[in-house]
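Colleague: could you look at this predicted model? Sequence included:
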Amino acid sequence: MKVLVLGSGGREHALAWKLRQEAGVSEVLCAPGNPGTAACARNVAMDILSPADVTAFVQAEAVDFVVIGPEQPLAAGVSDALRDAGVAVFGPSQAAARLETSKAYSKAFMERHGVPTARARICTTAEDADAAVAAFGAPVVIKADGLAAGKGVTVATTAAEALAAVDAAMRQGAFGSAGSIVVVEECLTGPEVSFFVLCDGARGLFIGSAQDHKRAFDNDEGPNTGGMGALAPSPLVDDALIDRVMRTVVDPVLTGMRVEGTPFAGILYCGLMLTAEGPKVIEFNVRFGDPEAQVVLPLLGVDLAPLLVAAASGRLPSDPLPRPSGTRVGVVLASGGYPGPMTTGHAITGIDAAEHLEGVLVLHAGTRLRQGSRLRQGSRLRQGYGGQVGGQVRGESAKSGEPAQDAVVTSGGRVLTVVGAGGTLRDARDRAYAAVACISFEAMHFRTDIAARYV
């Protein structure tokens, strides 16, 4: 099977890395990809937000299956165009993707179908939002309705902070049209967990859990980010919680989507708060998380491709998946200043040394090759972890395909995710941070406390 993965981040590198190792996959292509995906896939330049361009490429290349990584192509209708053209694709329809792409739609949907979530008010004017802030009091959460690159949510500890968030979104247009509507909701308390379910339109299959670390700095301080690290599986998710979330969240969502004429087939990422009253939904994502995918996918004890195909075709297996063996900890290395203003183009050194440590996997996100540098496409370079841990082995060496030490440079906010594998959380964390110590680039920033509270 020839598979195309759309996207260029750490999530897409994890997907390409996992798929390339599977016997049923003959070739992986990644659009547009990054220097990391070039080691396990053939990178192709393409406008992944253009349904026509993606469809034309897939037909010209005789691609058998398309996996959509990020949310933007889903919002643009790429999955719909591919299905209309008869192409098998993993990713929900544009209408079903509103569970993520519109916070207002998602909140109203949950209220209609009795999914446990925070009390909220959907506001179409700044004055309405100001009044909602006064009604809820602080702390309170302000969410821009549309996609805002992970920066549209403010957990305000004071009324002044909340009103400033409303002003930025609705009066100053900080998020463009994505902030023209905001959701003001009560601030839930309790630990957060990420809960991943493959869905085929009628049935859901739990595939893993994780703990994300959203704040930029240690001790959960600083601004929200797209995620500064993650661990999997979550030590807070047991059999009883899995059963409860499937019954009270996943099943009502799948039933509601089907009843409303927008059946959901894809990955349902449930961001949950474990409150004193039970698990409640903070938000839904409709794709693998980032950096959660980087720690969840390596733990999957079965081939991923057949599961994605089964979800896309409405034929998910009814038996639960085997329990993961071991743990994974992922640490995000970010550009200085992230998630605010930053500079990029800085040379990255030490990736190769990190990857040769036992139990380490380095996944690229915000990287590119320095102009004039080349990396051989589709080699089997870095196909597994260094050494051997949990069945993953170091891939073949491909020295002629390796870039020079300074050929890979930073190109975005979150640059790399360094993943450590271990039989225990402590082992996985130690391996991840030992690898982090090998890597360097100007103004590199990372949290030093990923998974620390659970060790």
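Modeller: Cool, the structure landed.
Colleague: nearest residue to the middle of the protein?
Modeller: Ranked by distance to the mean C-alpha position of the chain (C-alpha atoms, centre = their mean), the top residue is Gly289 at 1.8 Å.
Colleague: state the pLDDT value of it.
Modeller: Gly289 is assigned a pLDDT of 93 by the prediction.
Colleague: repeat that for Val155.
Modeller: On the pLDDT scale, Val155 is placed at 89.
Colleague: give me every residue that touches it.
Modeller: Applying C-beta atoms under 8 Å, 6 or more residues apart in numbering to Val155 gives the contacts 139, 141, 187, 224. Where C-beta positions appear, they are placed from N, C-alpha and C, glycine not excepted.
Colleague: so which helix or strand takes in it?
Modeller: Here Val155 is covered by strand 153-156, with elements defined by DSSP states H and E.
Colleague: chain center to the helix or strand following that strand: distance?
Modeller: Beyond strand 153-156 on the C-terminal side, the first helix or strand identified by DSSP H and E is helix 159-166. Taking the mean C-alpha point of helix 159-166 and that of its whole chain, the gap between them comes to 28 Å (C-alpha atoms, centre = their mean, to the nearest Å).
Colleague: stretch 135-150 now?
Modeller: Put simply, stretch 135-150 sits 20 Å off its chain's centre (C-alpha atoms, centre = their mean).
Colleague: for stretch 59-79, same thing?
Modeller: Using C-alpha atoms, centre = their mean, the distance between the centre of stretch 59-79 and that of its chain works out at 16 Å.
Colleague: that stretch: end-to-end distance?
Modeller: Distance across stretch 59-79, first residue to last, is 14 Å (C-alpha to C-alpha, to the nearest Å).
Colleague: could you list the low-pLDDT ranges of the stretch 301-450 of the chain?
Modeller: 372-406 (pLDDT under 70).
Colleague: run through who's touching the host helix or strand of Ala16.
Modeller: Secondary-structure element containing Ala16, defined by DSSP H and E: helix 10-20. Here helix 10-20 makes contact (C-beta under 8 Å, 6+ apart) with 3, 5-7, 25, 28, 30, 33-34, 36-37, 40-41, 67, 69-70, 287-291, 293-294, 297-298, 300, 304-305, 332, 361, 363-365, 380, 383, 414, 416-417.
Colleague: and Ala202, how far from Cys187?
Modeller: Per C-beta to C-beta, to the nearest Å, Ala202 is found 34 Å from Cys187.
Colleague: what's the burial count for Ser26?
Modeller: Look at Ser26: counted by other C-beta atoms under 10 Å, it has 11 neighbours.
Colleague: quick one: average confidence on stretch 6-16?
Modeller: Here the mean pLDDT over stretch 6-16 is 98, rounded to a whole number.
Colleague: distance of Arg258 from Phe264?
Modeller: From Arg258 over to Phe264 the distance is 8 Å, taken as C-beta to C-beta.
Colleague: thanks a lot, catch you later.
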